[in-house]
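Undergrad: can't give you the sequence, but here's the structure:
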């Protein structure tokens, strides 16, 4: 019976029936004109979600992490210097990947719960008068801490420093959920995944790539084969793939884009804000604290919540799953054992979110947390009633 319950993790997200049915298609000949007729409109329409006119959409059969790898291997060379701030598990993993690829990684250490430090970016880039830094890498939405960083501020820092570095953005848990302005923010590579805001199964990395980034392909010397932009772009130009594509996921993405456009992207963003704010009202009513250091950093796709001193967040998420059949996000990295996460992105409504809040509230009461049954749910209900 628990398989009927929605998940409240930061991804993979719940898959709507409409999208599951859209992916339930027979095998398609990916060398046929019918595949071209499917693929090309999907690539064109995905640009509307990334908010780019000049960039290209490139998709790989992989998860979002592969999108990070494609971003760096198609634009950089061994020994190139990159600038990254570490303020959560996913910014840390991007740093680790760059180091494994032999890049010279300059790391800005930030407290977990804070966001991308635009002021430090500007200071470091301004001091880099020889332009040794080739790329700035920013995690837009840090799912370990529930922090949304200001990408526009990062771009302003680069412009103020008059620095030509590329701007790479991990938008895996933000794109298609919150406003993302690839062209307006001057993003050179934006990375998304099929399993988050697009509400599909895991298995497709979706990238927006600027013309500036594409101009670096031939001089980039990091090794790449499967993730070579050049092979993909050449095949895509004729409506094909350089190897066997995830045709079921591409059909799913077609339906996902249709759903997003039917609701309207601005309405999608407003829904995510509304659902997230109801969660935040519940957290406040429980007397608990978000990991995000200040309201301007609150994520509308995931909330990371500290448990009280003396409690184990892993025991809480385990109990919620074992007794009530509901999944919540565990604490990652520095948050392990200290915080649990409520994912509120993708295919969710206020009513569905209330069920998740009720479930985690029951689990907390079972484990003798200092809360009363119903207090968080009531706070969320009151917010949803009036918004």
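TA: Happy to help now that I have it. All values reported here derive from a predicted model rather than from experimental measurement.
Undergrad: CA atoms for contacts and neighbours, from now on please.
TA: Fine.
Undergrad: What about residue 237, how many residues nearby?
TA: 11 (other CA atoms under 10 Å).
Undergrad: Could you list the low-pLDDT ranges of this protein?
TA: Residue ranges of the chain with pLDDT under 70: 1-2.
Undergrad: Spatially, what comes nearest to residue 152 if we skip its sequence neighbours?
TA: residue 185 (5.3 Å; CA to CA, 6 or more residues apart in numbering).
Undergrad: I'd guess the one you found is in a strand, am I close?
TA: No. Counting by DSSP: H, G, I helix; E, B strand; the rest coil, residue 185 is not found in a strand; it is coil.
Undergrad: Let me see the contact set for it.
TA: Each residue near residue 185 by CA atoms under 8 Å, 6 or more residues apart in numbering is listed here: 151-152, 155.
Undergrad: Next step: those residues restricted to helices.
TA: 151-152, 155 (DSSP state H).
Undergrad: Top of these by number of neighbours, please.
TA: Going by other CA under 10 Å, residue 151 tops the ones in helices among the contacts of residue 185 with 23 neighbours.
Undergrad: Touching, that one and residue 140? I think so.
TA: Yes. Assessed by CA atoms under 8 Å, residue 151 is found in contact with residue 140 at 6.7 Å.
Undergrad: Distance check, residue 333 against residue 90.
TA: Taking CA to CA, to the nearest Å as the measure, residue 333 falls 10 Å from residue 90.
Undergrad: Name the residues contacting each of those two.
TA: residue 144.
Undergrad: higher neighbour count, those two?
TA: residue 90 (22 against 15).
Undergrad: and the gap between that one and residue 169?
TA: Residue 90 is 12 Å from residue 169, by CA to CA.
Undergrad: Mind putting the contacts of residue 185 into CSV with distance to residue 131?
TA: What follows is the contacts of residue 185, written out as CSV (distance: CA to CA, whole Å):
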residue, distance to residue 131
151, 21
152, 21
155, 16
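Undergrad: distance of the residue nearest the centre of the chain from residue 124?
TA: What sits nearest the mean C-alpha location of the chain, by CA atoms, centre = their mean, is residue 173, with 1.7 Å. Between residue 173 and residue 124 the distance is 27 Å, computed by CA to CA.
Undergrad: Equivalent analysis for residue 69, please.
TA: 24 Å.
Undergrad: Identify the residues contacting the longest helix seen in the chain?
TA: As assigned by DSSP H, the longest helix anywhere in the chain is helix 265-286. Applying CA under 8 Å, 6+ apart, the external contacts of helix 265-286 come out as 49, 176-179, 260, 289-290, 299-303, 305, 344-345, 349-350, 353, 357, 371-372, 375-381, 383-384, 387.
Undergrad: Can you name the element that comes right after it?
TA: Next helix or strand after helix 265-286 toward the C-terminus (DSSP states H and E): strand 289-290.
Undergrad: Direction included, what does that following strand pair against?
TA: strand 302-306 (antiparallel) (DSSP bridges).
Undergrad: Check which residues of the helix or strand that the partner strand is followed by are buried.
TA: Later in the chain than strand 302-306, the nearest helix or strand by DSSP H and E is helix 313-324. Applying a neighbour-count criterion of 16 or more other CA atoms under 10 Å, the buried positions in helix 313-324 are 313-321, 324.
Undergrad: How far does stretch 181-192 stretch from one end to the other?
TA: Terminal-residue distance, stretch 181-192 (CA to CA): 13 Å.
Undergrad: same deal with stretch 95-110?
TA: The first residue of stretch 95-110 is 13 Å away from its last residue (CA to CA).
Undergrad: pretty sure residue 230 contacts residue 216?
TA: No. At 10.8 Å, residue 230 does not count as touching residue 216 under the criterion of CA under 8 Å.
Undergrad: Could you look up the SS state of residue 34?
TA: Put simply, residue 34 is helix when judged by three-state DSSP.
Undergrad: same deal with residue 136?
TA: strand.
Undergrad: Number of residues surrounding it?
TA: 22.
Undergrad: Check whether it really touches residue 165, as I assumed.
TA: Yes. When contacts are counted by CA under 8 Å, residue 136 is listed as touching residue 165 (6.5 Å).
Undergrad: Now do the contacts for residue 117.
TA: 85, 110, 154.
Undergrad: which one is residue 308 nearest to, not counting chain neighbours?
TA: Residue 308's closest residue in space is residue 288 (CA to CA, 6+ apart), at 7.2 Å.
Undergrad: Enumerate every residue touching the one you found.
TA: Residue 288 touches 305-308, counting by CA under 8 Å, 6+ apart.
Undergrad: which residues of the chain fall in helices?
TA: Using DSSP H, the helices found in the chain span residues 17-23, 33-50, 64-73, 89-100, 118-127, 151-160, 211-214, 229-237, 247-263, 265-286, 313-324, 350-366, 375-386.
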